[in-house]
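*Asks:* Mind looking at a prediction? Sequence and model below.
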Amino acid sequence: MSRPKVFVTRLIRNKGLDLVKDFCEAEIWPDELPPSRAILLEKVRGLDGLLCLLTDKIDGELLDAAGPQLKVVSNHAVGFDNIVVPDATVRGIPVGNTPGILTDATADFAFALLMAAARRVSEAERYLRAGKWVTWGPSTLLGVDLVGKTLGLVGFGRIGRAVAKRASGFDLRVIYFDQQAAPAPELNAAPVNSLDDLLRESDFVSLHTPLTAETRHLVNTDFLSKMKPNAILVNTSRGPVVDQEALYEALKTNRIFAAALDVTDPEPLPLDNPLLTLENCLIAPHIASASTYSRDMMAYLAALNLIAGLKGEILPHCVNPEVYKR
């Protein structure tokens with residue numbers, strides 16, 4: 001009996017890849033860079049399943065190119081803004097993601113960015129490597145204290161809650177704005193009535209919202225103008241949530257103290273981007289989930305979703321469960 005035919009758009013960790021190879025006739029894209037749109041349109045033809053990454057745009061055109069036999073799309077990510085989910089749903093195709101696994105790793109990294117920006121860690125290392133460290137100075141590279149300050153979380157899902165938990169160890173007051181979040185008194189985190197209230201009160205603002213039409217460029221000139229002058233912005237959500245031109249102006253004019261970004265728009269960020277000229281802007285190459293455990297388990301969940309879809313079973317983690325009502 002022939003095995004289902006699948007395409008894996010990047011070389012994922014063996015904990016998932018081995019499952020895929022055992023169950024499927026799998027073609028794995030071997031390059032570090034993702035396949036181009038033209039190549040992806042070619043590779044999907046006749047597939048039974050697709051395991052993709054957030055760098056791959058999955059829409060109606062691509063699903064139609066695959067053909068009506070396509071049973072499942074499994075996204076190797078928690079977010080799925082790279083997939084036009086309604087296009088999959090209307091075609092009866094379940095879409096899987098990998099939630100929960102990277103919560104702790106991402107929360108750890110969000111807090112690492114917050115602390116690094118507050119204490120100017122990357123700037124201090126550049127200072128040292130440039131030979132500028134000649135003596136201890138009472139006013140050299142002064143940063144921002146955490147104790148007694150207020151951390152504002154924009155979005156209070158799994159990752160936002162995990163960040164709140166970590167904040168308690170630093171005696172930070174935690175507030176959040178998320179109209180859909182359930183209360184979490186055990187985390188000593190208090191909701192605020194509006195985003196304006198959060199920005200007015202917060203010394204640190206950390207973004208934990210999905211990318212939607214409403215959140216695209218949520219952080220704009222108006223948003224930044226309402227932050228405290230000594231505030232720090234942290235983004236581990238999605239790059240387009242931040243209007244980078246507005247952020248550049250706010251940082252260049254010291255409208256806010258600093259920003260720390262794990263995600264940018266586009267990715268990778270071009271080396272001539274003006275944000276890279278600023279000492280008060282720390283940028284990492286989208287590595288918040290880059291722990292061995294997290295990436296192993298993301299691959300594993302993506303494989304489980306793929307195989308379940310190929311078997312005609314309900315995906316363990318499905319972002320469009322309404323597809324099963326069709």
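*Replies:* Ah, there it is.

*Asks:* CA only for contacts and neighbour counts going forward, please
*Replies:* OK.

*Asks:* show me what contacts the residue nearest the centre of the chain?
*Replies:* In the chain, the centroid-proximal residue (CA atoms, centre = their mean) is Ser237; its distance is 3.9 Å. When contacts are counted by CA atoms under 8 Å, 6 or more residues apart in numbering, Ser237 touches Leu207, His208, Thr209, Pro210, Leu211, Asp262, Val263.

*Asks:* Spatially nearest residue to Gln69 (excluding sequence neighbours)?
*Replies:* Residue nearest to Gln69 in three dimensions, not counting chain neighbours: Asp48, with 5.9 Å by CA to CA, 6 or more residues apart in numbering.

*Asks:* Any figure for the gap between the one you found and Gly143?
*Replies:* Distance of Asp48 to Gly143, computed by CA to CA, to the nearest Å: 54 Å.

*Asks:* before we move on, what about Phe7?
*Replies:* 48 Å.

*Asks:* and if you look at Val90?
*Replies:* Note on Val90: its distance to Gly143, by CA to CA, is 52 Å.

*Asks:* more neighbours, these two?
*Replies:* Gly143 (16 against 13; other CA atoms under 10 Å).

*Asks:* which element is Val20 on?
*Replies:* For Val20, the host element (DSSP states H and E) is helix 14-23.

*Asks:* just how off-centre is that helix within its chain?
*Replies:* 25 Å (CA atoms, centre = their mean, to the nearest Å).

*Asks:* So what touches that helix?
*Replies:* 3-4, 11, 26, 296-304, 306-307.

*Asks:* Now do whichever helix or strand comes after that helix: which elements does it pack against?
*Replies:* The element immediately downstream of helix 14-23 (helix or strand, assigned by DSSP H and E) is strand 25-28. With contacts defined as 3 or more CA pairs under 8 Å, 6 or more residues apart in numbering; DSSP states H and E, strand 25-28 has these neighbours: strand 5-8.

*Asks:* Just the helices from the stretch 51-200 of the chain, written as ranges.
*Replies:* All helices of the stretch 51-200 of the chain, identified by DSSP state H, counting those that start in this stretch, fall at 60-66, 85-90, 103-118, 121-129, 158-167, 195-201.

*Asks:* Now render these as a markdown table, adding mean pLDDT and distance to Arg255.
*Replies:* Formatted as a markdown table, the helices of the stretch 51-200 of the chain follow (pLDDT from 0 to 100; distance: least, CA to CA, whole Å):
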| stretch | mean pLDDT | distance to Arg255 |
| --- | --- | --- |
| helix 60-66 | 98 | 43 |
| helix 85-90 | 98 | 38 |
| helix 103-118 | 97 | 15 |
| helix 121-129 | 97 | 18 |
| helix 158-167 | 96 | 25 |
| helix 195-201 | 98 | 13 |
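
*Asks:* in the helix holding Val20, what counts as buried?
*Replies:* Lys15, Gly16, Leu17, Leu19, Val20 (16 or more other CA atoms under 10 Å).
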